[in-house]
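Trainee: sequence plus predicted model, see below.
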Number of protein chains: 4
Amino acid sequence: MNYSYTYSTSLRVRYGETDQMGYCYYGNYAQYFEVGRVETMRSLSWPYKRIEEIGIMLPVTEFNIKYKFPAKYDDLLTVVTYIKQVKGVRIFFEYEIYNEENNLICSGNTTLVFIDFKTRFPTAAPKQFLESLSIYKLPDHDSGK
Amino acid sequence: MNYSYTYSTSLRVRYGETDQMGYCYYGNYAQYFEVGRVETMRSLSWPYKRIEEIGIMLPVTEFNIKYKFPAKYDDLLTVVTYIKQVKGVRIFFEYEIYNEENNLICSGNTTLVFIDFKTRFPTAAPKQFLESLSIYKLPDHDSGK
Amino acid sequence: MNYSYTYSTSLRVRYGETDQMGYCYYGNYAQYFEVGRVETMRSLSWPYKRIEEIGIMLPVTEFNIKYKFPAKYDDLLTVVTYIKQVKGVRIFFEYEIYNEENNLICSGNTTLVFIDFKTRFPTAAPKQFLESLSIYKLPDHDSGK
Amino acid sequence: MNYSYTYSTSLRVRYGETDQMGYCYYGNYAQYFEVGRVETMRSLSWPYKRIEEIGIMLPVTEFNIKYKFPAKYDDLLTVVTYIKQVKGVRIFFEYEIYNEENNLICSGNTTLVFIDFKTRFPTAAPKQFLESLSIYKLPDHDSGK
């Protein structure tokens, strides 16, 4: 099922997140995407913590990112997160990060899998979570395929 | 130009690199790939530091990773790094990380760009660096294209 | 000179900042204190970035912390920062971090030194910065010493 | 009980561990001390993992550090770790970090508490661990106190 849900949150680049090039280290964006993801889920009344409380964890299985423009120390960044698709046991997020001058810093995507905490096996997305998302469903143009 | 140069290095998952799932956090692998990259360059007598000393920096412009198997605290990981291609101002690395039981933890790739420190513009790969790599050149099957 | 300036800011514990004990890793609090320090300076119209812009850097020379109560994933923490003293080339900060139930998570302090970026030698605190702080001066009970 | 056990291990400063001052970020040393601690315990045949396997965790309750000399990117650092004392439920470590020119980078100490994983209450140090340490006992000069 495809969705069209977007949420924006902001964060500042910390000093410890810069490197000696004077830019935000490329490895920190995974954590910025995580912040985007978590706040997006909170905006749907599904803070990630609640997912774990019902016995499910949501590890990342794929992460892709393109760096377009350097972020600097103390930049106030906007993380725009898109929930694009839930397909079986997987959920697909996309992200864009902008600085205050509206430069696109980076864009990327992640795939996550719903895993049962006890069995450590993949499991369907929680029904109630899907219900929270249901009003953002996109019409299914791919049905003929 | 395509190359076939491979180098392996190892590192241990630190406690602070785990998260509450009990696994190594997905965001730490960017740093593990960096360790692989840096040690691979050192093995060619080109520690990354030397690149910066001649006035060039090498930021990452693209990073892709697939997570296959969780790494745990204190796991001794082997990072296998491949230099695949240098094309104009870009260098392409690929990576695989294995644990001690030889499970493939993740695989991925990065693209980096040679940047002149002063002008902050892209610049050709340093000649001497390419010379160090030259014996690992692959025959160019794509010449007819 | 002793001061009595306090500022509070808040931040959330990120997933990547937990460890497999299920708590926030002890090494992350240095960064939380940095956030407290930076926002405290911003509240005085002296974002740390401005200090660097006038050619001064402010490295930490001492850091002490006592951990009282664990912080957990997604906890919304309040970082209370105190500017206690500026003495020659040094500035002394104290910190307390609380969770939403008002448990004291940790308390600590740091000493930082004003360093001239060019010479890399210690230098006096910038006059204008001291002026911003001047209304928070404490009466000097130690004058007889 | 006071001990005199020392162990040295080495690690390299990673690029992502530098900040825009061009030095290793002050917050990373907590992780370097952790590496020192963990390798010191491994050298006694008590990798920290084994402590957790017998149902005990060892959180840090106090951490103090003085920064003496900056560590730079790619510096090969030696972490010297001392086990100084085990007293009831607490264990006291001290640390010194040196660079290759033998400059003292920093010195510090940590206090950790043995905690029962199930009850989450403090518990005595494991007997077998104390046995591993016993040949390093110092004569008790404080017995008269």
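Mentor: Sure thing, it's come through.

Trainee: contacts and neighbour counts: CA atoms only from here.
Mentor: Will do.

Trainee: ok, the closest residue to residue A:66 other than its chain neighbours to residue A:80 distance?
Mentor: In space, and not counting its chain neighbours, residue A:66 is closest to residue B:62: 4.4 Å by C-alpha to C-alpha, 6 or more residues apart in numbering or on different chains. Residue B:62 sits 19 Å away from residue A:80, going by C-alpha to C-alpha, to the nearest Å.

Trainee: before we move on, back to that, in its sheet, what does the one helix or strand the residue nearest to residue A:66 maps to sit against?
Mentor: Assigned by DSSP states H and E, residue B:62 belongs to strand B:60-67. Here strand B:60-67 has these sheet partners by DSSP bridges: strand A:60-67 (antiparallel), strand B:104-113 (antiparallel).

Trainee: contacts for the next helix or strand after the longest one, please.
Mentor: As assigned by DSSP H and E, the chain's next helix or strand after strand B:104-113 is strand B:115-116. Residues from elsewhere that reach strand B:115-116, judged by C-alpha atoms under 8 Å, 6 or more residues apart in numbering or on different chains: B:55-59, B:89, B:121-123.

Trainee: can you narrow those residues to ones near chain A?
Mentor: Of the residues in the contacts of strand B:115-116, proximity to chain A by C-alpha under 8 Å from any C-alpha of the partner chain holds for residue B:57.

Trainee: what does chain A have sitting close to chain B?
Mentor: Going by C-alpha under 8 Å from any C-alpha, the residues of chain A near chain B are A:21, A:26-31, A:57, A:60-68.

Trainee: check the gap between the spatially most central residue of chain A and chain B for me.
Mentor: Nearest residue to the geometric centre of chain A (C-alpha atoms, centre = their mean): residue A:37, 3.3 Å. With the distance defined as C-alpha to the nearest C-alpha, to the nearest Å, residue A:37 ends up 14 Å from chain B.

Trainee: who are the neighbours in contact with that residue?
Mentor: A:81, A:93.

Trainee: poorly predicted segments of chain A, please.
Mentor: Low-confidence regions of chain A, defined here as pLDDT under 70, cover residues A:141-145.

Trainee: quick check: the gap between the residue nearest to the centre of chain A and chain C.
Mentor: Where chain C is concerned, residue A:37 sits at a distance of 11 Å (C-alpha to the nearest C-alpha).

Trainee: likewise residue A:11?
Mentor: 10 Å.

Trainee: got the angle for the helix or strand where that residue lies vs strand C:2-12?
Mentor: Element membership for residue A:11 (DSSP H and E) is strand A:2-12. Interaxial angle, strand A:2-12 versus strand C:2-12 (axes from the mean of the first three to the mean of the last three C-alpha atoms, to 10 degrees): 170 degrees.

Trainee: list the buried residues for strand A:2-12?
Mentor: When burial is assessed from 16 or more other C-alpha atoms under 10 Å in any protein chain shown, strand A:2-12 yields the following buried residues: A:2-3, A:5-10, A:12.

Trainee: export these as JSON lines, with columns for distance to residue C:99.
Mentor: Converted to JSON lines, the buried residues of strand A:2-12 look like this (distance: C-alpha to C-alpha, whole Å):
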{"residue": "A:2", "distance to residue C:99": "38"}
{"residue": "A:3", "distance to residue C:99": "35"}
{"residue": "A:5", "distance to residue C:99": "31"}
{"residue": "A:6", "distance to residue C:99": "29"}
{"residue": "A:7", "distance to residue C:99": "26"}
{"residue": "A:8", "distance to residue C:99": "25"}
{"residue": "A:9", "distance to residue C:99": "22"}
{"residue": "A:10", "distance to residue C:99": "21"}
{"residue": "A:12", "distance to residue C:99": "21"}
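
Trainee: ends of stretch A:122-131, how far apart?
Mentor: End-to-end for stretch A:122-131, by C-alpha to C-alpha: 20 Å.

Trainee: and for stretch A:65-73?
Mentor: 20 Å.

Trainee: now do that stretch: everything it contacts.
Mentor: A:12-15, A:17-18, A:22-24, A:99, A:103-109, B:60-64, C:49.

Trainee: one more pass at 7 Å, please.
Mentor: A:13-15, A:18, A:22-24, A:104-109, B:61-64 (C-alpha atoms under 7 Å, 6 or more residues apart in numbering or on different chains).

Trainee: same thing with stretch A:38-56?
Mentor: Stretch A:38-56 is contacted by residues A:7, A:9, A:57, A:81, A:114-117, A:129, A:132 when judged by C-alpha under 7 Å, 6+ apart.

Trainee: how long is it from one end to the other?
Mentor: 15 Å.

Trainee: make TSV from the contacts of strand B:115-116 and add neighbour count and secondary structure to it.
Mentor: Below are the contacts of strand B:115-116 laid out as TSV (neighbours: other C-alpha atoms under 10 Å in any protein chain shown; DSSP: H, G, I helix; E, B strand; the rest coil):
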residue	neighbour count	secondary structure
B:55	11	coil
B:56	25	strand
B:57	23	strand
B:58	21	coil
B:59	17	coil
B:89	15	coil
B:121	11	coil
B:122	17	strand
B:123	17	coil
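
Trainee: would you mind giving the contacts of strand B:115-116 as JSON lines with distance to residue B:139 added?
Mentor: Shown next, in JSON lines, are those (distance: C-alpha to C-alpha, whole Å):
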{"residue": "B:55", "distance to residue B:139": "31"}
{"residue": "B:56", "distance to residue B:139": "28"}
{"residue": "B:57", "distance to residue B:139": "29"}
{"residue": "B:58", "distance to residue B:139": "26"}
{"residue": "B:59", "distance to residue B:139": "28"}
{"residue": "B:89", "distance to residue B:139": "20"}
{"residue": "B:121", "distance to residue B:139": "30"}
{"residue": "B:122", "distance to residue B:139": "27"}
{"residue": "B:123", "distance to residue B:139": "25"}
